[in-house]
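Chemist: Sequence and predicted model, in that order:
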Amino acid sequence: MARKFLYFIAFLIVLAIAAFFVLRIWSQELTEYAFVPREEFDEQAPLEENAYQDPAMWFSRPGIGISDPARWQPPTRARDRMVPKPADPKQDFAVFFIHPTSFLDSGSWNAPLDDAESQRIAKIYVRGMASPFNQASEIWAPRYRQATMGAFLADSADAEQAIEAAYDDVKQAYAFFLTSVDADTPIVLVGHSQGSLHLLRLLREEIATSDAKSRVAAAYAIGWPISVEHDLPLLGFPACATPLQAGCVLSWSSFAEPAGPKQVLDSYRLSTGFDGELRGDSAILCTNPLTGEIGGEAAKELNAGTLVPEADFSSGELVPGAVPARCDERGLLLIGDPPEMGNYVLPGNNYHVYDIPLFWQNVQYDVERRVAAWNTAP
(Lines give C-alpha, C1' and ligand atoms only; values in the text may rest on other atoms or scores of the structure.)
Protein backbone atom coordinates (compact mmCIF):
# COMPACT_ATOMS: atom_id res chain seq x y z
CA MET A 1 0.00 0.00 0.00
CA ALA A 2 2.82 2.37 0.94
CA ARG A 3 4.57 1.64 -2.36
CA LYS A 4 1.40 2.40 -4.33
CA PHE A 5 1.03 5.64 -2.44
CA LEU A 6 4.63 6.63 -3.28
CA TYR A 7 4.03 5.78 -6.94
CA PHE A 8 0.95 8.02 -6.85
CA ILE A 9 2.92 10.91 -5.31
CA ALA A 10 5.65 10.44 -7.91
CA PHE A 11 3.01 10.54 -10.65
CA LEU A 12 1.63 13.83 -9.27
CA ILE A 13 5.13 15.30 -9.16
CA VAL A 14 5.72 14.31 -12.79
CA LEU A 15 2.39 15.92 -13.74
CA ALA A 16 3.32 19.09 -11.87
CA ILE A 17 6.73 19.26 -13.58
CA ALA A 18 5.12 18.63 -16.96
CA ALA A 19 2.58 21.39 -16.29
CA PHE A 20 5.40 23.75 -15.31
CA PHE A 21 7.23 23.16 -18.58
CA VAL A 22 4.02 23.47 -20.60
CA LEU A 23 3.29 26.82 -18.99
CA ARG A 24 6.90 27.94 -19.39
CA ILE A 25 7.05 27.01 -23.08
CA TRP A 26 3.50 27.76 -24.15
CA SER A 27 2.38 30.35 -21.58
CA GLN A 28 1.89 33.02 -24.23
CA GLU A 29 -0.15 30.69 -26.43
CA LEU A 30 -2.29 29.55 -23.49
CA THR A 31 -2.87 33.15 -22.41
CA GLU A 32 -3.93 34.11 -25.91
CA TYR A 33 -6.27 31.11 -26.09
CA ALA A 34 -7.89 32.15 -22.80
CA PHE A 35 -8.34 35.85 -23.52
CA VAL A 36 -8.38 36.53 -27.27
CA PRO A 37 -11.89 36.45 -28.80
CA ARG A 38 -12.28 33.86 -31.52
CA GLU A 39 -15.10 35.51 -33.43
CA GLU A 40 -14.69 38.40 -35.85
CA PHE A 41 -14.91 41.99 -34.66
CA ASP A 42 -18.49 43.21 -34.54
CA GLU A 43 -18.53 46.91 -35.32
CA GLN A 44 -20.14 48.99 -32.60
CA ALA A 45 -22.79 51.60 -33.23
CA PRO A 46 -21.41 55.06 -32.44
CA LEU A 47 -22.54 56.62 -29.20
CA GLU A 48 -25.15 59.35 -29.46
CA GLU A 49 -23.58 62.77 -29.96
CA ASN A 50 -24.77 63.90 -26.54
CA ALA A 51 -24.00 60.58 -24.78
CA TYR A 52 -21.57 62.08 -22.27
CA GLN A 53 -24.07 64.68 -21.14
CA ASP A 54 -25.61 61.81 -19.18
CA PRO A 55 -24.04 61.63 -15.68
CA ALA A 56 -24.43 57.84 -15.86
CA MET A 57 -21.65 57.77 -18.49
CA TRP A 58 -19.10 58.85 -15.89
CA PHE A 59 -17.53 57.02 -12.95
CA SER A 60 -16.42 60.41 -11.65
CA ARG A 61 -17.53 63.93 -12.49
CA PRO A 62 -18.67 67.05 -10.62
CA GLY A 63 -21.92 66.56 -8.77
CA ILE A 64 -21.56 62.89 -7.80
CA GLY A 65 -20.69 63.73 -4.21
CA ILE A 66 -19.25 61.45 -1.52
CA SER A 67 -19.91 58.31 -3.59
CA ASP A 68 -17.41 59.49 -6.23
CA PRO A 69 -14.64 56.84 -6.15
CA ALA A 70 -11.96 59.31 -7.27
CA ARG A 71 -12.60 61.48 -4.19
CA TRP A 72 -11.49 58.77 -1.77
CA GLN A 73 -8.73 59.70 0.69
CA PRO A 74 -7.12 56.61 2.26
CA PRO A 75 -5.89 56.74 5.86
CA THR A 76 -2.16 56.93 6.58
CA ARG A 77 -0.53 54.35 8.83
CA ALA A 78 2.04 56.80 10.16
CA ARG A 79 0.96 60.37 10.69
CA ASP A 80 4.44 61.90 10.55
CA ARG A 81 4.96 62.81 6.91
CA MET A 82 8.23 61.71 5.36
CA VAL A 83 8.05 64.22 2.50
CA PRO A 84 6.87 67.82 3.10
CA LYS A 85 3.50 68.65 1.60
CA PRO A 86 3.27 71.43 -1.00
CA ALA A 87 2.61 74.81 0.56
CA ASP A 88 -0.76 75.34 -1.12
CA PRO A 89 -2.63 72.13 -1.96
CA LYS A 90 -5.92 73.95 -2.61
CA GLN A 91 -5.79 74.86 -6.28
CA ASP A 92 -8.26 74.84 -9.12
CA PHE A 93 -7.48 72.20 -11.74
CA ALA A 94 -9.51 69.66 -13.67
CA VAL A 95 -8.48 66.02 -14.16
CA PHE A 96 -9.44 63.75 -17.06
CA PHE A 97 -8.75 60.14 -16.06
CA ILE A 98 -8.90 57.15 -18.45
CA HIS A 99 -9.11 53.86 -16.58
CA PRO A 100 -7.14 50.72 -17.59
CA THR A 101 -8.52 47.46 -18.94
CA SER A 102 -11.11 45.87 -16.66
CA PHE A 103 -12.80 43.67 -19.30
CA LEU A 104 -11.22 40.21 -19.54
CA ASP A 105 -13.99 38.38 -21.39
CA SER A 106 -13.06 36.60 -24.62
CA GLY A 107 -16.68 36.61 -25.76
CA SER A 108 -16.49 40.14 -27.16
CA TRP A 109 -13.81 42.47 -28.51
CA ASN A 110 -15.21 45.46 -26.61
CA ALA A 111 -16.85 45.73 -23.22
CA PRO A 112 -20.58 46.42 -23.22
CA LEU A 113 -21.39 49.38 -21.00
CA ASP A 114 -23.82 47.19 -19.06
CA ASP A 115 -21.25 44.49 -18.26
CA ALA A 116 -21.47 44.44 -14.46
CA GLU A 117 -18.13 42.78 -13.69
CA SER A 118 -15.96 45.03 -15.87
CA GLN A 119 -17.73 48.11 -14.48
CA ARG A 120 -17.17 46.91 -10.91
CA ILE A 121 -13.45 46.43 -11.54
CA ALA A 122 -13.20 49.77 -13.35
CA LYS A 123 -14.62 51.54 -10.27
CA ILE A 124 -11.94 49.87 -8.15
CA TYR A 125 -9.30 51.16 -10.57
CA VAL A 126 -10.74 54.67 -10.39
CA ARG A 127 -10.73 54.49 -6.59
CA GLY A 128 -7.11 53.38 -6.40
CA MET A 129 -5.57 55.23 -9.36
CA ALA A 130 -7.56 58.47 -9.77
CA SER A 131 -7.77 59.23 -6.05
CA PRO A 132 -4.19 60.65 -5.84
CA PHE A 133 -5.63 63.53 -7.87
CA ASN A 134 -8.44 64.18 -5.38
CA GLN A 135 -7.19 67.68 -4.57
CA ALA A 136 -8.49 68.75 -7.99
CA SER A 137 -11.50 71.01 -8.20
CA GLU A 138 -12.94 68.64 -10.84
CA ILE A 139 -12.28 64.99 -11.68
CA TRP A 140 -13.80 63.40 -14.78
CA ALA A 141 -13.46 59.66 -15.42
CA PRO A 142 -15.57 58.36 -18.32
CA ARG A 143 -17.07 54.97 -18.87
CA TYR A 144 -16.12 53.71 -22.31
CA ARG A 145 -16.40 50.56 -24.38
CA GLN A 146 -12.86 49.47 -23.67
CA ALA A 147 -11.06 46.86 -25.74
CA THR A 148 -10.90 43.48 -24.03
CA MET A 149 -7.54 42.37 -22.64
CA GLY A 150 -7.17 39.87 -25.47
CA ALA A 151 -7.01 42.72 -27.99
CA PHE A 152 -3.56 43.54 -26.60
CA LEU A 153 -2.39 39.95 -27.01
CA ALA A 154 -3.41 39.56 -30.65
CA ASP A 155 -1.77 40.99 -33.75
CA SER A 156 -4.85 41.22 -35.96
CA ALA A 157 -7.19 43.61 -37.72
CA ASP A 158 -9.91 42.64 -35.23
CA ALA A 159 -7.74 43.74 -32.31
CA GLU A 160 -6.89 47.03 -34.01
CA GLN A 161 -10.58 47.73 -34.65
CA ALA A 162 -11.43 47.01 -31.00
CA ILE A 163 -8.80 49.49 -29.78
CA GLU A 164 -9.96 52.03 -32.35
CA ALA A 165 -13.56 51.68 -31.18
CA ALA A 166 -12.53 52.21 -27.56
CA TYR A 167 -10.56 55.32 -28.52
CA ASP A 168 -13.58 56.79 -30.32
CA ASP A 169 -15.51 56.73 -27.03
CA VAL A 170 -12.60 58.28 -25.10
CA LYS A 171 -12.21 61.01 -27.71
CA GLN A 172 -15.90 61.86 -27.43
CA ALA A 173 -15.70 61.93 -23.62
CA TYR A 174 -12.63 64.20 -23.73
CA ALA A 175 -14.41 66.64 -26.06
CA PHE A 176 -17.31 66.91 -23.60
CA PHE A 177 -14.89 67.30 -20.67
CA LEU A 178 -13.10 70.14 -22.43
CA THR A 179 -16.30 72.07 -23.12
CA SER A 180 -17.49 71.53 -19.54
CA VAL A 181 -14.42 72.93 -17.78
CA ASP A 182 -13.88 76.66 -17.41
CA ALA A 183 -11.49 77.95 -20.08
CA ASP A 184 -9.12 79.42 -17.46
CA THR A 185 -8.75 76.18 -15.49
CA PRO A 186 -5.56 74.14 -15.98
CA ILE A 187 -6.10 70.50 -16.90
CA VAL A 188 -4.29 67.34 -15.88
CA LEU A 189 -4.55 64.24 -18.08
CA VAL A 190 -4.12 60.79 -16.56
CA GLY A 191 -4.22 57.27 -17.97
CA HIS A 192 -3.00 53.84 -17.03
CA SER A 193 -2.29 50.89 -19.34
CA GLN A 194 -5.02 50.91 -22.04
CA GLY A 195 -6.00 54.31 -20.67
CA SER A 196 -2.48 55.59 -21.35
CA LEU A 197 -2.56 54.25 -24.91
CA HIS A 198 -5.68 56.31 -25.56
CA LEU A 199 -4.21 59.31 -23.73
CA LEU A 200 -1.07 59.28 -25.88
CA ARG A 201 -3.22 59.31 -29.00
CA LEU A 202 -5.26 62.21 -27.61
CA LEU A 203 -2.03 64.13 -27.03
CA ARG A 204 -0.82 63.53 -30.59
CA GLU A 205 -4.04 63.98 -32.53
CA GLU A 206 -6.28 66.26 -30.47
CA ILE A 207 -4.27 68.28 -27.99
CA ALA A 208 -0.80 69.02 -29.40
CA THR A 209 -2.15 71.31 -32.13
CA SER A 210 -5.13 72.72 -30.22
CA ASP A 211 -5.67 75.74 -27.99
CA ALA A 212 -6.02 73.32 -25.07
CA LYS A 213 -2.30 72.51 -25.23
CA SER A 214 -1.40 75.59 -23.22
CA ARG A 215 -3.79 74.51 -20.47
CA VAL A 216 -2.13 71.14 -19.80
CA ALA A 217 -0.31 71.24 -16.47
CA ALA A 218 0.81 67.61 -16.78
CA ALA A 219 0.04 64.36 -18.58
CA TYR A 220 0.52 61.13 -16.62
CA ALA A 221 0.73 58.27 -19.15
CA ILE A 222 1.53 55.46 -16.72
CA GLY A 223 2.00 51.75 -17.43
CA TRP A 224 2.55 52.10 -21.18
CA PRO A 225 6.08 52.27 -22.65
CA ILE A 226 6.99 55.52 -24.40
CA SER A 227 10.03 55.43 -26.65
CA VAL A 228 12.18 58.50 -26.06
CA GLU A 229 13.36 58.31 -29.68
CA HIS A 230 10.30 57.15 -31.62
CA ASP A 231 7.31 58.36 -29.56
CA LEU A 232 8.10 61.34 -27.37
CA PRO A 233 8.94 63.84 -30.15
CA LEU A 234 5.47 63.37 -31.67
CA LEU A 235 3.48 63.94 -28.49
CA GLY A 236 3.81 67.70 -28.61
CA PHE A 237 4.99 67.77 -24.98
CA PRO A 238 8.44 67.19 -23.45
CA ALA A 239 9.18 64.71 -20.69
CA CYS A 240 9.06 66.16 -17.17
CA ALA A 241 12.72 66.73 -16.31
CA THR A 242 12.19 68.42 -12.92
CA PRO A 243 9.49 68.25 -10.23
CA LEU A 244 8.61 71.91 -10.77
CA GLN A 245 8.07 71.65 -14.53
CA ALA A 246 4.59 72.03 -16.03
CA GLY A 247 3.22 71.15 -19.47
CA CYS A 248 5.08 67.85 -19.67
CA VAL A 249 4.67 64.06 -19.72
CA LEU A 250 5.39 61.49 -16.99
CA SER A 251 5.55 57.72 -17.43
CA TRP A 252 6.85 54.63 -15.64
CA SER A 253 6.38 50.85 -15.49
CA SER A 254 7.11 49.11 -12.18
CA PHE A 255 9.00 45.87 -11.58
CA ALA A 256 10.26 44.33 -8.35
CA GLU A 257 13.64 42.62 -8.33
CA PRO A 258 14.73 40.32 -9.75
CA ALA A 259 12.78 41.73 -12.68
CA GLY A 260 11.73 39.45 -15.52
CA PRO A 261 10.51 41.83 -18.23
CA LYS A 262 11.42 39.66 -21.24
CA GLN A 263 7.91 39.35 -22.68
CA VAL A 264 7.22 43.06 -22.15
CA LEU A 265 10.49 44.12 -23.76
CA ASP A 266 10.16 41.62 -26.62
CA SER A 267 6.74 43.05 -27.45
CA TYR A 268 8.11 46.59 -27.19
CA ARG A 269 11.05 45.86 -29.54
CA LEU A 270 8.74 44.52 -32.24
CA SER A 271 6.21 47.35 -31.96
CA THR A 272 6.00 50.37 -34.25
CA GLY A 273 6.63 53.81 -32.81
CA PHE A 274 4.55 56.88 -33.47
CA ASP A 275 7.12 57.87 -36.12
CA GLY A 276 6.45 54.66 -38.08
CA GLU A 277 9.79 53.06 -37.15
CA LEU A 278 10.35 49.95 -35.02
CA ARG A 279 10.95 50.87 -31.40
CA GLY A 280 13.65 48.20 -31.15
CA ASP A 281 16.02 48.72 -28.22
CA SER A 282 15.34 52.45 -27.95
CA ALA A 283 15.22 53.83 -24.41
CA ILE A 284 11.87 53.88 -22.62
CA LEU A 285 10.87 57.06 -20.82
CA CYS A 286 11.16 56.48 -17.07
CA THR A 287 10.02 59.17 -14.67
CA ASN A 288 11.09 58.53 -11.10
CA PRO A 289 7.86 59.15 -9.15
CA LEU A 290 9.76 59.77 -5.92
CA THR A 291 11.77 62.66 -7.36
CA GLY A 292 9.67 63.87 -10.30
CA GLU A 293 12.75 63.69 -12.53
CA ILE A 294 13.79 61.55 -15.49
CA GLY A 295 15.75 58.50 -14.36
CA GLY A 296 17.83 58.27 -11.24
CA GLU A 297 17.42 56.49 -7.94
CA ALA A 298 15.54 57.36 -4.76
CA ALA A 299 15.55 55.58 -1.40
CA LYS A 300 12.34 54.26 0.12
CA GLU A 301 12.53 56.96 2.80
CA LEU A 302 11.40 59.41 0.10
CA ASN A 303 8.22 57.39 -0.50
CA ALA A 304 5.58 59.35 1.40
CA GLY A 305 2.91 56.69 1.08
CA THR A 306 2.21 53.46 -0.80
CA LEU A 307 -1.47 52.54 -1.03
CA VAL A 308 -1.51 48.96 0.29
CA PRO A 309 -4.95 47.50 -0.51
CA GLU A 310 -7.10 45.17 1.53
CA ALA A 311 -7.41 41.66 0.10
CA ASP A 312 -10.72 42.47 -1.62
CA PHE A 313 -9.53 45.96 -2.72
CA SER A 314 -12.49 47.52 -0.88
CA SER A 315 -10.13 49.74 1.08
CA GLY A 316 -6.49 50.23 1.98
CA GLU A 317 -4.04 52.43 3.83
CA LEU A 318 -1.02 54.55 2.98
CA VAL A 319 2.25 53.07 4.23
CA PRO A 320 5.23 55.48 4.19
CA GLY A 321 8.66 54.17 3.25
CA ALA A 322 7.39 50.97 1.63
CA VAL A 323 9.40 50.87 -1.62
CA PRO A 324 12.27 52.72 -3.30
CA ALA A 325 12.40 53.63 -6.99
CA ARG A 326 15.22 53.30 -9.53
CA CYS A 327 15.08 53.75 -13.29
CA ASP A 328 17.38 51.22 -14.92
CA GLU A 329 19.20 51.51 -18.23
CA ARG A 330 16.25 49.97 -20.11
CA GLY A 331 13.78 52.53 -18.81
CA LEU A 332 12.05 50.22 -16.33
CA LEU A 333 11.24 51.41 -12.81
CA LEU A 334 12.66 48.97 -10.26
CA ILE A 335 11.18 48.94 -6.74
CA GLY A 336 13.54 46.60 -4.88
CA ASP A 337 12.36 43.45 -3.15
CA PRO A 338 8.77 42.41 -3.98
CA PRO A 339 6.38 44.24 -1.63
CA GLU A 340 3.20 42.58 -0.44
CA MET A 341 0.48 44.33 -2.44
CA GLY A 342 -2.00 41.57 -3.23
CA ASN A 343 -2.66 38.80 -5.69
CA TYR A 344 -2.36 40.69 -8.96
CA VAL A 345 1.40 40.80 -9.47
CA LEU A 346 2.09 39.67 -13.03
CA PRO A 347 4.80 37.17 -14.04
CA GLY A 348 8.35 38.49 -13.91
CA ASN A 349 7.67 40.54 -10.75
CA ASN A 350 5.66 42.94 -12.90
CA TYR A 351 3.75 45.34 -10.61
CA HIS A 352 1.81 46.84 -13.52
CA VAL A 353 -1.52 46.90 -11.66
CA TYR A 354 0.14 48.83 -8.83
CA ASP A 355 2.07 51.43 -10.86
CA ILE A 356 0.19 54.34 -9.28
CA PRO A 357 -0.72 52.91 -5.82
CA LEU A 358 2.96 52.18 -5.13
CA PHE A 359 3.59 55.94 -5.14
CA TRP A 360 0.12 57.22 -4.22
CA GLN A 361 1.13 60.03 -1.87
CA ASN A 362 4.08 61.19 -3.98
CA VAL A 363 1.82 61.39 -7.03
CA GLN A 364 -0.59 63.56 -5.04
CA TYR A 365 2.26 65.89 -4.10
CA ASP A 366 3.65 65.83 -7.65
CA VAL A 367 0.48 67.01 -9.36
CA GLU A 368 0.03 69.80 -6.83
CA ARG A 369 3.55 71.07 -7.56
CA ARG A 370 3.02 70.94 -11.33
CA VAL A 371 -0.27 72.82 -11.17
CA ALA A 372 1.41 75.43 -8.95
CA ALA A 373 4.20 75.72 -11.53
CA TRP A 374 1.61 76.13 -14.30
CA ASN A 375 -0.11 78.90 -12.32
CA THR A 376 3.11 80.84 -11.80
CA ALA A 377 4.51 80.39 -15.31
CA PRO A 378 4.99 83.66 -17.26
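Modeler: Arrived safely, thanks for sending.

Chemist: Just give me the neighbour total for residue 154.
Modeler: Using other Cβ atoms under 10 Å, residue 154 has 17 other residues around it. Quick note: C-beta positions are derived from backbone N, CA and C, even for glycine.

Chemist: brain fart, residue 171
Modeler: 15.

Chemist: helix/strand/coil for it?
Modeler: Taken by DSSP: H, G, I helix; E, B strand; the rest coil, the conformation at residue 171 corresponds to helix.

Chemist: Number the residues from 48 up from this point.
Modeler: Will do, 48 is the new start, and the previous item becomes residue 218.

Chemist: Quick check, residue 150 in contact with residue 195.
Modeler: Yes: if you go by Cβ atoms under 8 Å, residue 150 and residue 195 touch, sitting 4.9 Å apart.

Chemist: Report the set of residues contacting both of those two.
Modeler: By Cβ atoms under 8 Å, 6 or more residues apart in numbering, residue 150 and residue 195 have these common neighbours: 157, 158.

Chemist: neighbour count winner among the two?
Modeler: Shown here are residue 150 and residue 195; by other Cβ under 10 Å, residue 195 has more neighbours (28 against 25).

Chemist: In the protein, where is pLDDT below threshold?
Modeler: Per-residue confidence for the chain (pLDDT under 70) gives these ranges: 48-81, 125-137.

Chemist: try 90
Modeler: Counting by pLDDT under 90, the chain contains low-confidence ranges at 48-83, 85-91, 112-113, 124-138, 153, 200-202, 358-362, 424-425.

Chemist: show me where the chain has strands.
Modeler: Ranges of strands in the chain, per DSSP state E, are 105-107, 141-145, 185-189, 234-239, 263-269, 295-297, 301-302, 334-335, 340-341, 344-345, 353-356, 363-366, 372-374, 380-381.

Chemist: For burial, what's the neighbour tally of residue 147?
Modeler: 25.

Chemist: Name the nearest residue to it, ignoring sequence neighbours.
Modeler: residue 240 (3.5 Å; Cβ to Cβ, 6 or more residues apart in numbering).

Chemist: likewise residue 285?
Modeler: residue 295 (5.2 Å).

Chemist: you'd agree the one you found is up against residue 289?
Modeler: No: here residue 295 does not reach residue 289: they are 9.0 Å apart, not a contact under Cβ under 8 Å.

Chemist: So between these two, which is more surrounded?
Modeler: Comparing residue 295 with residue 289 by other Cβ under 10 Å, the one with more neighbours is residue 295, at 20 against 13.

Chemist: Mind listing the residues bridging to that one?
Modeler: With DSSP bridges as the criterion, residue 295 is bridged to residue 265.
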